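S.K.: fold the following.
(chains A and B)
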Protein chains: 2
Amino acid sequence: MKLICTQENFKKAIYNSERVVSKQNTLPILNNILFEAKKGELKLSATNLEIGVEVKIGAKVEKEGKLTIPAKLISNFINNIPSSENISIEVVNQNMKIKCGNHKALIKGLLADDFPLIPQKTTNYILQIRANKLRFIISKIINCAAINETRQELTGINMILSPGEASFAATDSFRLAENILPLQDNEVNNEQLNILLEKNNNLIIPSATMNELLRIISSDDDQVVKIAIEDGQIFFDVDGTKLVSRLINGKYPEYKHIIPKDFKTTILINKEDFQGSVKMASLFSNSKTNEIILNVNGKESKVSIEAKSVDVGESSSFIKTKVEGEDQRLVLNARYLLDGINAISGETVAININNESSPISLREIGKEDKVEKNYIYILMPIKS
Amino acid sequence: MKLICTQENFKKAIYNSERVVSKQNTLPILNNILFEAKKGELKLSATNLEIGVEVKIGAKVEKEGKLTIPAKLISNFINNIPSSENISIEVVNQNMKIKCGNHKALIKGLLADDFPLIPQKTTNYILQIRANKLRFIISKIINCAAINETRQELTGINMILSPGEASFAATDSFRLAENILPLQDNEVNNEQLNILLEKNNNLIIPSATMNELLRIISSDDDQVVKIAIEDGQIFFDVDGTKLVSRLINGKYPEYKHIIPKDFKTTILINKEDFQGSVKMASLFSNSKTNEIILNVNGKESKVSIEAKSVDVGESSSFIKTKVEGEDQRLVLNARYLLDGINAISGETVAININNESSPISLREIGKEDKVEKNYIYILMPIKS
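M.R.: Coordinates of the predicted model:
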C-alpha cells in the first residue's frame, strides 16, 4: 500500500470511524482500524461486532494494499500533528509508515486478513431523510431509552415505519417519549416499504447506534441520511460514511394505547421558570426517590412545586399561569420531569394531567400557538 | 438572624467559601458554612482545618445571629435559583429560611457553637501585590509541585522573601520551576519583613492553598492580594475574602545551587512546533518511562525529536532552528518536558543544555528579544 491524501479528509475519516472501535482488549484486532487502498480511494473500516463503520476518502494511490493499525494511536497522531500538509502513507512489512511535513512515524499493524467482515447491504435504501431533521427527532427521545440491560428491547429506539410516517419512541418504563416524522413521497422508496410492511415494520435500533449516527451527522443543512433495512441489520449512509448495526431482537412494548387521549387539566407554563423551579425542588427531594409535588390551583391561577426531605429541609416555588380544568396534586420524579422539560423546544411547555395515578404528558407549542402533535413526553406519577 | 442581601453578593460569597469545605464526612459540621449576621454585614466562614476562608458582604441586618448550613446544598440552591431578586434570610429553630422571588426554602442547620475557630492574624500585612501578577507567577510553577505525600515539603510552593524580591519555586524532584517576583517599595512592609528575616524567611505554602488563592482572584486588574505571615500560618486577603492556611513544616531543598550558571548549547525554538513535536513523540514513547530523544545538530541547524517503543512503533520530527554551541543528544521525559513548554509565555522557548546527564533549562524570551531571567524551568535528563 502506498498513497497520498489530504489531511482534512484523513482526519474526518478517522473521526467518523474511531469511536465504534471496541474498548475491550479480548480481541486485539478490534482495537484497530482497517485501511484499504484501491483505485483512487482509501477505505477505513472499524467494528465492535455490533456496529460497523466504513468511510471512503479520495487518495492518490500508487500501490494498492491493506493493513490494520491501532485506532487510538492513529487518532492521537492525526489530531496532534503540528503540520497541515498532505499525508503520505506506505506499508512495509506489516508496518505503516506515515509522513506529514517534518514528521514521520512508523506504526506497527496487524494483518488485514484477520479483520472481521462488515455486513454489506444488497437491497436499495428505504428512506432518504434530511440529516438535521432526523437528528432533531432522535435527540428529543433518546434519553428515555433504558441503560439497564435486563430488558434488552428497552435499551433501543423503537422505529415503526408505515406509509406516510415513521414513528420513533424510547422508554425505560418510567417515562416515554415519542416523535413522529411525517414522510414526503421523495423520502420513501415504496417498493422497499412494501417488502418491509409484509415482514415486520416494528424495529428496535440500539441506542448506541443512534448515538453514533447523531455524532457523524454534520451541521450541513443539505446532508441526507439514507437508511436500508435487511436481515436483522440496519444500514445508514451519511455523505459516504456507512454505518451498519444489528437490530435488537424482541418485541417492543405496545405503547401507543397508554398515551392518554383526553385530559382533565391543561396548563401552559413558561419553560425556563418551570425548569428552574423543578431543579430547585430536586435539591430538597429525597435523593433516592427524587420525589417532588406538583400542585395545580385554578382559582389562584398558579402551579406550585414543592419538595421535602427529613435530612435536608424543604422548598416551595410557584409560577403564575392560566389553568384550564380541574385542580391537581401529583407526586413526580424530578429527574424524569426535568428530562422531559429539557427536551421541549420553544418557550412554553403544555402540560396535560388526568389524576394522581394516570400518566401526565408534556408537549410543545408550535406555529400559531397550536400544540404540536408529533412530539409527546409521558411520565407516570409516583403513588404517594 | 434576619437579613436581606443582594443575590450577586451572596453568590460570590458562596463561590469563594464553598470549595475549601471538606469532602470528608467524619465531622459533619465541616461540610457546612458558618453564617454570622452582625451590624450591616453577613460573614461566611468555611474550613477544612487546613485552610480557612472568611467572606464578608454587606447586608440589611434586622436581627443578628449565626448558624451553619450544608455548603453543597446552599451552593446548588443559589446557583440554580430562577430569579434575580434579593435574598432574604431568617433563622428559626436551627433552620434557615431563605426567600427569593417566588421561591422559598427551609434548610436544616447545625449549631454555630460547634464550628471550628478560624485563626485570626494579629500583625500587619507584609506584602501587597497586584493579584493578576501573583497569579501569573504562581500558575507557571504550581504544576511542578509533588502530588505524592512521602516528602510533604515537596507538595508545597517554596516562598523565599528577601529585600527586593520574593522567589517562588516548586519541584517534585524530577523537574523544578522557579519564578522570581521583584518587589517594589510600596509592595512590602519593611517592619514586618525585618521581623520575618530574623526568624525564617524560607516558607512552604501548601499547593492546595495556592490553588484556592488563584481561584478567588478575579480578572480585575486593580485587585490586590495582601499577605501576612504569623506563627506557622499564612493569611491572604483578596478584596475582603480572607484565606488562612497552615504553612508546611519542614525544610525545602536548597535548590538554587543546582540551577546551572553556564551552558554548552543554546537553542531558540518555536514554542508551537516544539510542543507539537514532543506531543507527537510522546504517543510513540514507552507509556511507563515516557522517554523521548532530543537531538541537537548544529551543522544541519536542526533539532529532532524521536521516540520508539517495542509495542507501538516509532516517530521522528525535526525543527529547523539556529544552534549555538555543541551538538547534544539527551533522553527526556516527554510529560515533564511538555509541562515546561506549556508554562512558557511567548512564541519562543530558549533551551540551554550542558550534557546528557546535567539539567537542561527552559526560559522565556522577554522584551527586546532578551532572555527573561526571572523564570526558569529545569528538567533532569533520563540516564540512557
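
S.K.: which non-adjacent residue is nearest residue A:314?
M.R.: In space, and not counting its chain neighbours, residue A:314 is closest to residue A:308: 4.0 Å by CB to CB, 6 or more residues apart in numbering or on different chains. For every residue, glycine as well, the C-beta is placed using N, CA and C.

S.K.: surely that neighbour is in contact with residue A:292?
M.R.: No: using CB atoms under 8 Å, residue A:308 makes no contact with residue A:292, being 9.1 Å away.

S.K.: what's the helix or strand for the residue nearest to residue A:314?
M.R.: Here residue A:308 sits within strand A:302-309, counting by DSSP states H and E.

S.K.: may I have the secondary structure class of residue A:177?
M.R.: Following DSSP: H, G, I helix; E, B strand; the rest coil, residue A:177 is assigned to strand.

S.K.: contacts only, for residue A:153.
M.R.: A:204, A:248, A:250-253 (CB atoms under 8 Å, 6 or more residues apart in numbering or on different chains).

S.K.: would you mind writing the PyMOL command to select the buried ones in these?
M.R.: Buried residues among the contacts of residue A:153 (16 or more other CB atoms under 10 Å in any protein chain shown), as a PyMOL selection:
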select buried, chain A and resi 204+248+252
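
S.K.: would you turn the contacts of residue A:153 into TSV with pLDDT and secondary structure?
M.R.: Below are those laid out as TSV (pLDDT from 0 to 100; DSSP: H, G, I helix; E, B strand; the rest coil):
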residue	pLDDT	secondary structure
A:204	98	strand
A:248	96	coil
A:250	92	coil
A:251	94	coil
A:252	96	coil
A:253	95	coil
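
S.K.: tell me the phi and psi of residue A:268?
M.R.: Per-residue torsions, residue A:268: phi -110, psi 130 (degrees, to the nearest 10).

S.K.: got it, and the one 10 residues further on?
M.R.: With angles defined as degrees, to the nearest 10, residue A:278 shows backbone torsions of phi -70, psi -40.

S.K.: okay, now it: neighbour count?
M.R.: 24 (other CB atoms under 10 Å in any protein chain shown).

S.K.: checking residue A:208 next. Helix, strand or coil?
M.R.: helix.

S.K.: find me the pLDDT at the residue in the stretch 1-150 of chain A positioned nearest to chain B, would you?
M.R.: Checking the stretch 1-150 of chain A residue by residue against chain B with CB to the nearest CB singles out residue A:82 as nearest, at 2.4 Å. Each residue has a pLDDT score; the one for residue A:82 is 80.

S.K.: which residues touch it?
M.R.: Contacts of residue A:82 by CB under 8 Å, 6+ apart are A:101, A:103, B:272-273, B:275-277, B:279-280, B:317.

S.K.: quick one: low-confidence residue ranges for the stretch 251-384 of chain A.
M.R.: Within the stretch 251-384 of chain A, the segments meeting pLDDT under 70 span A:384.

S.K.: cutoff 90 now
M.R.: Applying pLDDT under 90 to the stretch 251-384 of chain A flags residues A:286-289, A:311, A:322, A:366-369, A:383-384.

S.K.: helices of that one, residue ranges please.
M.R.: A:271-284, A:334-343 (DSSP state H, counting those that start in this stretch).

S.K.: quick one, which of the ones you listed gets closest to residue A:12.
M.R.: Closest of the helices of the stretch 251-384 of chain A to residue A:12 is helix A:334-343, at 29.6 Å (criterion: CB to CB).

S.K.: what parts of the stretch 1-150 of chain A come near chain B?
M.R.: Residues of the stretch 1-150 of chain A lying close to chain B (CB under 8 Å from any CB of the partner chain) are A:70, A:73, A:76-77, A:80-83, A:95, A:102-108.

S.K.: same thing with the stretch 151-300 of chain A?
M.R.: Contact residues, the stretch 151-300 of chain A versus chain B (CB under 8 Å from any CB): A:272-273, A:275-277, A:279-280, A:283-284.

S.K.: rewinding a little: when residue A:308 and residue A:292 are compared, which one has more neighbours?
M.R.: Set side by side, residue A:308 and residue A:292 show more neighbours around residue A:292, with 27 against 17, by other CB under 10 Å.
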